[in-house]
Structure formats: C-alpha cells, structure tokens
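Asker: Generate a structure from the sequence data that follows.
(4 chains)
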There are 2 protein chains.
Amino acid sequence: MATPRTDPLTLDVIALIGGVVARYHEEYDRAAAAHALTGAQARVLGLLSHEPMPMRKVARTLKCEPSNITGIVDRLELRGLVERRPDPADRRVKLAAPTEDGMRTARQLRDALDFAREPLADLSEAERTMLRDLLRRMLGDEPSGAADAAPPSPGAAAG
Amino acid sequence: MATPRTDPLTLDVIALIGGVVARYHEEYDRAAAAHALTGAQARVLGLLSHEPMPMRKVARTLKCEPSNITGIVDRLELRGLVERRPDPADRRVKLAAPTEDGMRTARQLRDALDFAREPLADLSEAERTMLRDLLRRMLGDEPSGAADAAPPSPGAAAG
DNA sequence: TATTGTTATACTCTATAACTATA
DNA sequence: TATAGTTATAGAGTATAACAATA
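Answerer: This next block holds a predicted model:
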C-alpha cells in the first residue's frame, strides 16, 4: 500500500510489463479494427466462440453490467456475427452464440491476437518455460483460460 | 499472419500474458477509482506528473485525437488536479501541468499502480533478472519509460 | 499556408434504475 | 419473491470535421 521503496530491478520489470500491456492492446485493437469491430465487441465474440452462453454469464465473465451486453450483442447480431437462441431449460434465458461467420471472424481475431507468438519465437524452449513459470508465480498460479477475458474494460469507473 | 501452428508452451505463455494484462487493468482501474478518476484521466495525470506538456503532445503520446484531450483536461482542471499554462515560446500552445494536488494524486496513483511489486517480491533477484531480460527480448529491447503510456485506449475503434 | 487548441457531432461503452417475462 | 434480459438515461471516451488564434 504505502510504497515500501521498490528496488530498481523490480521497477524495470514493472515498466516492461507496462510495455507488454501496451503491446497487447495495440495488437488487440488492430485485430478488432481490421474487422470493423470495437474492442468490446471482439471480446464478446471471442468469448462466445469458445462456448455459447447466457447474456448474464457474458456480463459476469467480462465483469460488466448485463445491460451493456444487450447493446454489444445487438450490434454483433446486426453484423450477422452472433445470434440469440432460446434456452430450452429456462425460457427467461437467451443464449448468445456466434454464427458461422462469427466463428470465422473469431478465429481470425484469435490468430492475429496471440501477439506474443512472434516475439516468443525468439526465445528458446527453456527460456519460454522459464518465462511461463515466472509468470505463473507472479499471477499466483491462477488457472489458465484468461486469454480471452484478458483486456477488461478500462473505460469503466465513469459517472 | 497465417497462424503457423503454435506450440502448447507458447500458448501457455500467451494465456499467462493475458492474465497479466487483466491484472494490470484491475489494479489500474482500482487505483483510479479510489480517486474518483477514470482510466483516461489517471493516464493523462500520470503522464503530466512526469513533465508538463502541450495538449498536442499528450494526444500524440496517448495515441488519440487532440480533441479528446481537451475534454479530459477540462475534467481534471475542474477537479483542480491540472491547469493550463501559456507557453512563452508559442502563444498557440497551452501547457497542461499538474497542480500540487494533482502531483500528490499522481504519486498516490503510481504507488498503488505498480501492481506487480507484490507478486514480484516472491521472486528471487536472479529470477527477477531473468524475467526482465526475457521481457526485454520479447519486446524487442524497446527503450523503457512505457510505464505510464501502458494501458492505451481500448474503447477506440468506434464509429 | 500550416499548426494549436477548441467546438460540434455522432457513436460506443459504461453504470444505474425501472420494466417484462419468466421461475 | 427472485432471476434473466431489456429499456431508458446520463456520463465518459473516441474519431471526424470545422473553426479561431497564432505561427
């Protein structure tokens, strides 16, 4: 909390992580823009491409209010990338699912999105293993699967 | 470009980097919200706390249109965190500079912001050095200083 | 003529609150 | 009564285009 005086090495690493975050967003936004999608839209589409899910769950996963998802899915639906299906088990629920076109777009997004692939190619397998283990420890051994949920919502904290 | 089939280890690392990006934003937004600032406002304030600069340069650094900066600085100015000063050398230019209160806030933000400090504390010095060097190579030995510029603008790519 | 900052406009994202249809 | 999704509303960020002041 109070800044216990951090050593230069740690500050270096922190600055580098800032660089990684910046690079991640550049690539992500570039990929989304190439399909005329906003970041939020690309995020939702990518999430649904793994597995169709109720609107509510999309909101929970992306850590935003359910009302936002309505609009984002509306726009994706207008583009023909996503559709709303009834849930046979609960008539209140609408399952958001990518169309074929949406799946194709999601795949292209994902390909363009693993921005780290090329830089990582410069590292040996031993180095990549080290990097993986160090990152794991840094994140506290969180379970994987954060790949899509990654770029959360910055524009938040309004009002 | 075309997805040359990436090995599982690299995919692991990519997923972990996604986790890092997510964590970075969580911390950043939490810190900003604690001061009732949006991400964009915190970003501009942090940038100016290093060095006052023309509105134009803020936009260039944050990679957004100059017209956006007008509004963000407006809101920061209303809060008394930033002020606009004339540039003696060029009367067209307005230098955005943090007030004392703004500097104090920026400092608190920065302290709360190096989110990686605590997780990194679990790593030995040798491990931190390795991590630093690996990240440097990943980023292509970019110059440092990306700490503040880091979380760029996701909400972009609109209209 | 070019540049700086601003204004006007329109779109997206965000949260909050109220509404509906189900459960 | 509680839950899922929607609608309405308002604030913030973003880009584009046009403008005044200055270079």
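Asker: which outside residues touch stretch A:122-132?
Answerer: When contacts are defined by CB atoms under 8 Å, 6 or more residues apart in numbering or on different chains, stretch A:122-132 is touched by residues A:120, B:9-10, B:12-13, B:16, B:130-131, B:134, B:137-138. No exception for glycine: its C-beta is placed from N, CA and C like everyone else's.
Asker: Got a ChimeraX select line for the buried ones in those?
Answerer: Command for ChimeraX that selects the buried part of the contacts of stretch A:122-132, burial taken from 16 or more other CB atoms under 10 Å in any protein chain shown:
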select /A:120 /B:10,12,13,16,130,131,134,138
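Asker: At which residues are the strands of chain A located?
Answerer: For chain A, applying DSSP state E gives strands covering A:53-54, A:82-86, A:94-98.
Asker: could you check whether the shortest one is close to DNA strand C?
Answerer: No - using CB under 7 Å from any atom of the strand, no contact is recorded between strand A:53-54 and DNA strand C, whose separation bottoms out at 12.4 Å.
Asker: What helices and strands are in contact with that strand?
Answerer: Applying 3 or more CB pairs under 8 Å, 6 or more residues apart in numbering or on different chains; DSSP states H and E, one finds that strand A:53-54 contacts strand A:94-98.
Asker: Same check on the second one?
Answerer: Helices and strands touching strand A:82-86, as assessed by 3+ CB pairs under 8 Å, 6+ apart, comprise helix A:39-50, helix A:66-78, strand A:94-98.
Asker: So for that strand, what gets flagged as buried?
Answerer: Using 16+ other CB under 10 Å as the burial criterion, the residues of strand A:82-86 that qualify are A:82-83.
Asker: if you average pLDDT over that strand, what comes out?
Answerer: Averaged across strand A:82-86, pLDDT comes to 98.
Asker: got it, and the first one?
Answerer: Looking at strand A:53-54 alone, the average pLDDT works out to 98.
Asker: Sheet-wise, list the partners of it with their directions.
Answerer: Strand A:53-54 has the following strand partners under DSSP bridges: strand A:94-98 (antiparallel).
Asker: Tell me what angle the strand it pairs with forms with helix A:66-78.
Answerer: Strand A:94-98 runs at 40 degrees relative to helix A:66-78, counting by axes from the mean of the first three to the mean of the last three CA atoms, to 10 degrees.
Asker: now strand A:94-98 against helix A:39-50, angle please.
Answerer: Relative orientation of strand A:94-98 versus helix A:39-50 (the same axes, to 10 degrees): 90 degrees.
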